[in-house]
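Visitor: Sequence and predicted structure are below.
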Amino acid sequence: MSTHRLDVPELHRRLDAHRRELGLSWRGVGRQTALPPATFTRISRGRSIEADALVTLLVWLNLDDEPAAIIEPGQRHQPCPDCRRTYQPNRDGSIRQHNCTKGQR
């Protein structure tokens, strides 16, 4: 697992600010970047996107030299309190669903 992750809400905030600055709708951004509407829907819902779409948006935002602006440290793996296997927690800190072997140590 990666030690860093994309700060999707920050990416959305920057995209929205740049979009408004240019007087564009989200469809207009899609036309300029050749990305499908589903990409912007995913971002608005806080979900990650594929690498090629991210690179396209970084270039559109003129962040291709400064991608660190939208990168944050990832969460460290945690041991499951039931089975002690390690897992990466959800963003809110809750336990990510995994094949727990509770009672089978």
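Guide: Sure, I can see it.

Visitor: Take the lengthiest helix in the chain, keep the C-alpha atoms, and write them as CSV.
Guide: If you go by DSSP state H, the chain has its longest helix at helix 8-22. Taking Å, rounded to 0.1, in the frame of the first residue of the first chain, the C-alpha atoms of helix 8-22 are listed here in CSV:
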residue,chain,number,x,y,z
VAL,A,8,-9.5,14.4,-3.4
PRO,A,9,-11.4,17.2,-1.6
GLU,A,10,-8.5,19.6,-2.2
LEU,A,11,-8.3,18.6,-5.8
HIS,A,12,-12.1,19.3,-6.1
ARG,A,13,-11.7,22.6,-4.4
ARG,A,14,-8.9,23.7,-6.8
LEU,A,15,-10.7,22.4,-9.9
ASP,A,16,-13.9,24.2,-8.9
ALA,A,17,-12.0,27.5,-8.2
HIS,A,18,-10.2,27.3,-11.6
ARG,A,19,-13.4,26.4,-13.4
ARG,A,20,-15.2,29.4,-11.9
GLU,A,21,-12.2,31.6,-12.6
LEU,A,22,-12.5,30.6,-16.3
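
Visitor: That helix packs against which elements?
Guide: For helix 8-22, the packing partners by 3 or more CB pairs under 8 Å, 6 or more residues apart in numbering; DSSP states H and E come out as helix 26-33, helix 37-44, helix 51-60. For every residue, glycine as well, the C-beta is placed using N, CA and C.

Visitor: Those helices into TSV, with extra columns for distance to Asp7, mean neighbour count and mean pLDDT?
Guide: Formatted as TSV, the helices and strands packed on helix 8-22 follow (distance: least, CB to CB, whole Å; neighbours: other CB atoms under 10 Å; pLDDT from 0 to 100):
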stretch	distance to Asp7	mean neighbour count	mean pLDDT
helix 26-33	19	14	93
helix 37-44	11	16	94
helix 51-60	12	15	86
